[in-house]
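*Asks:* A structural model of the following input is requested.
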Amino acid sequence: MPVGSLSRTDQIVLRHFWEEKVQLNKCRDLHFLKVPAFSPHPSHNELVPFCEIYHLVRSTPGAAIIGLGSVNGVYIGFELFSGSELKLNIHDEWANVSHYRVTFRSYDSLLKDPNSEAVFQSWPKPLTIEFLDDEYQKWSLDLTSLCWDGREVREFGIGGAGAGVKHGDGSIVL
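*Replies:* Numbers count the residues shown, from 1 in each chain. The predicted model follows:
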């Protein structure tokens with residue numbers, strides 16, 4: 001699929017780089033938990049879920065926070081390493097928390113994204129692996145960026161395709 005703002009050579013460089021990153025990220029267990037955007041002067045109830053989730057991820061062995069951000073809400077992006085689980089005890093304050101599983105998007109998916117062309121146009125030409133690697137370092141800290149595909153999952157009772165195991169005590173294990 002040709003890309004209007006990239007030369008044939010740039011497309012080859014991008015595809016090579018992208019397919020290498022797809023393989024690199026294939027086995028990663030990435031997630032983000034999102035809470036509604038805070039008001040200008042957030043109340044205790046607005047902050048509790050975010051603070052509890054942040055503490056839980058930071059204190060769970062085998063889990064690492066990748067990034068924090070605010071895209072249509074406030075999110076905590078994290079990775080669970082091999083054999084690790086994150087047990088979430090769902091509280092009433094967590095009613096608006098949503099969970100997303102994140103994967104590195106395929107090259108074809110990247111090209112089909114309507115936002116990609118504007119990003120491609122902003123890149124210096126000719127494209128270099130060094131430039132793309134610098135961009136990737138930024139993207140790797142933001143699980144809502146161009147290279148990631150996030151899918152909402154069901155265990156909090158909201159849309160998606162389900163993931164995690166719900167226990168009788170109301171907790172969820174990711």
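
*Asks:* who's in contact with the residue sitting nearest the centre point of the chain?
*Replies:* Centroid-nearest residue in the chain: residue 143, 2.7 Å away (criterion: CA atoms, centre = their mean). Each residue near residue 143 by CB atoms under 8 Å, 6 or more residues apart in numbering is listed here: 30, 32, 66-67, 69, 75, 77, 100, 102, 150. No exception for glycine: its C-beta is placed from N, CA and C like everyone else's.

*Asks:* For it, pull up the helix or strand it's in.
*Replies:* Of the helices and strands defined by DSSP states H and E, none includes residue 143.

*Asks:* And the helix or strand encompassing residue 12, what's buried?
*Replies:* Assigned by DSSP H and E, residue 12 belongs to helix 8-25. Residues of helix 8-25 classed as buried by neighbour count (16 or more other CB atoms under 10 Å): 10-11, 13-14, 17-18, 21-22, 25.

*Asks:* will you turn the residues you listed into a markdown table that also has distance to residue 129 and pLDDT?
*Replies:* As requested, those are exported to a markdown table (distance: CB to CB, whole Å; pLDDT from 0 to 100):
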| residue | distance to residue 129 | pLDDT |
| --- | --- | --- |
| 10 | 11 | 96 |
| 11 | 14 | 95 |
| 13 | 7 | 96 |
| 14 | 10 | 97 |
| 17 | 6 | 98 |
| 18 | 11 | 97 |
| 21 | 11 | 97 |
| 22 | 15 | 97 |
| 25 | 17 | 95 |
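
*Asks:* And the helices in the protein?
*Replies:* Along the chain, the segments classed as helices by DSSP state H run 8-25, 44-59, 107-112, 116-122, 129-139.

*Asks:* want to throw these into CSV with distance to residue 96?
*Replies:* Below are those laid out as CSV (distance: least, CB to CB, whole Å):
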stretch, distance to residue 96
helix 8-25, 29
helix 44-59, 8
helix 107-112, 28
helix 116-122, 30
helix 129-139, 27
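
*Asks:* Going by mean pLDDT, which of these comes out lowest?
*Replies:* Of all the helices of the chain, the minimum mean pLDDT falls on helix 44-59 (a mean of 88).

*Asks:* Using PDB, write out the CA atom coordinates for that helix.
*Replies:* Only the C-alpha atoms of helix 44-59 are listed here, as PDB (Å, rounded to 0.1, in the frame of the first residue of the first chain):
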ATOM      1  CA  HIS A  44     -10.800  12.800  46.900                       C
ATOM      2  CA  ASN A  45     -13.200  10.400  45.100                       C
ATOM      3  CA  GLU A  46     -11.800  11.300  41.700                       C
ATOM      4  CA  LEU A  47      -8.200  10.700  42.800                       C
ATOM      5  CA  VAL A  48      -8.600   7.500  44.800                       C
ATOM      6  CA  PRO A  49      -8.800   5.000  41.900                       C
ATOM      7  CA  PHE A  50      -5.800   6.600  40.200                       C
ATOM      8  CA  CYS A  51      -3.700   6.700  43.300                       C
ATOM      9  CA  GLU A  52      -4.600   3.100  44.300                       C
ATOM     10  CA  ILE A  53      -3.900   1.800  40.900                       C
ATOM     11  CA  TYR A  54      -0.600   3.600  40.700                       C
ATOM     12  CA  HIS A  55       0.400   2.200  44.100                       C
ATOM     13  CA  LEU A  56      -0.700  -1.300  43.300                       C
ATOM     14  CA  VAL A  57       1.200  -1.400  40.000                       C
ATOM     15  CA  ARG A  58       4.300   0.100  41.600                       C
ATOM     16  CA  SER A  59       4.300  -2.400  44.500                       C
END
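
*Asks:* Appreciated, that's everything.
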